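sequence and predicted structure below; questions after.
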Amino acid sequence: MNRRFLLGLIGLSPLTLLASKAPTFDNPLVDILIKRWKKSKEYTLAVLDAMPEDNLEYSPSQEQMSFAQHFMHLGYTNNVFIGIMMDSKTYPDFNDLMEAEFFLERPDPINLFQPDHLEERDSTTNKKIVSDYVISTFDYVISSLGKINDESLARAENKEKPWFLEGHTNLDLILRGESHTAHHRAQAISYLRMNGIRPPGYSKLNTL
């Protein structure tokens, strides 16, 4: 029997059959999120690059993180939020979270929550270390977003997480990461101003 005729008998055209087997890539919301994170990466790196190497660890006071720390901190935190989203394991408290396997290797043991200084190195090396870490954490976020779909964004609200992330859906974790990035990037921008440096233009670096 003719194969095309047989397909017609069972109610399927060849094109319909092929379409039924083809994967679906229609995830407009995830696509938008990926675009935003790519622009956020570009803008964040531009702000980091604007500070001269010798002023990388500038801080307005002893109680505040250094310029470099803000970038190490935001990269680390993005690794946390997206790692929790992607990992099938649960993390009931902060101590369990610190043992997670999804953490990218940090090039410096600098404290990321309290004022501290990078290890003693020449300023050029330290700036590259910070920049490379920021790049790797952004790339981790962007590649992870490419593995999910729109339907998954509303999931995981009841997944066990540390108290400061309780009730977060996957979308909440993604948005929390971006808002946290903006929070620390803004502080870094104020450090540039305190050093008489004009920050990179916001609109130019955030236009899609």
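Everything's here; your move.

past the helix ranked longest in the chain, which element shows up next along the chain?
As assigned by DSSP state H, the longest helix anywhere in the chain is helix 170-194. Sequence order places helix 202-206 as the next helix or strand after helix 170-194, per DSSP states H and E.

for stretch 165-176, the distance to its chain's centre please.
The chain centroid and the centroid of stretch 165-176 are separated by 13 Å under CA atoms, centre = their mean, to the nearest Å.

end to end on that stretch, go ahead and measure it.
Across stretch 165-176, the straight-line distance between its terminal residues is 9 Å, by CA to CA, to the nearest Å.

for this protein, give me the ranges with low pLDDT.
When residues are selected by pLDDT under 70, those of the chain lie in 1-25.

one more time with 50
Using pLDDT under 50 as the threshold, the predicted model of the chain has low-confidence ranges 1-24.

centre-most residue in it?
When the chain is reduced to its mean C-alpha position, the nearest residue by CA atoms, centre = their mean turns out to be Val141, at 3.9 Å.

how about stretch 86-95: buried residues?
Met86, Tyr91 (16 or more other CB atoms under 10 Å). For glycine as for every other residue, the C-beta is placed from the backbone atoms N, C-alpha and C.

same deal with stretch 141-152?
Neighbour-count burial for stretch 141-152 flags Val141, Ile142, Ser144, Leu145, Ile148 (criterion: 16+ other CB under 10 Å).

how distant is that stretch from the center of its chain?
11 Å.

returning to what we had before: and the longest helix of the chain, what does it pack against?
Using 3 or more CB pairs under 8 Å, 6 or more residues apart in numbering; DSSP states H and E as the contact criterion, the secondary-structure elements in contact with helix 170-194 are helix 28-50, helix 67-86.

distance between it and the chain's centre?
Shown here is helix 170-194, whose average C-alpha point lies 11 Å from the average C-alpha point of the whole chain (CA atoms, centre = their mean).

name the residues that touch it?
Contact partners of helix 170-194, identified using CB atoms under 8 Å, 6 or more residues apart in numbering, comprise 33, 36-37, 40, 43-44, 47-48, 50-51, 58-60, 65, 67, 70-71, 73-74, 77-78, 81-82, 84-85, 141, 145, 148, 152-157, 165, 168, 198-199.

can you rerun that using 7 Å?
With contact meaning CB atoms under 7 Å, 6 or more residues apart in numbering, helix 170-194 is reached by 33, 36-37, 40, 44, 47, 50-51, 58, 60, 67, 70-71, 73-74, 77-78, 81-82, 84-85, 141, 148, 152-156, 168, 199.

the buried residues of stretch 141-152 into a markdown table, with extra columns for secondary structure?
Formatted as a markdown table, the entries for the buried residues of stretch 141-152 read as follows, by DSSP: H, G, I helix; E, B strand; the rest coil:
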| residue | secondary structure |
| --- | --- |
| Val141 | helix |
| Ile142 | helix |
| Ser144 | helix |
| Leu145 | helix |
| Ile148 | coil |
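
return the distance of stretch 199-208 from the chain's centre.
Taking the mean of its C-alpha atoms, stretch 199-208 sits 18 Å from the chain's own mean (CA atoms, centre = their mean).
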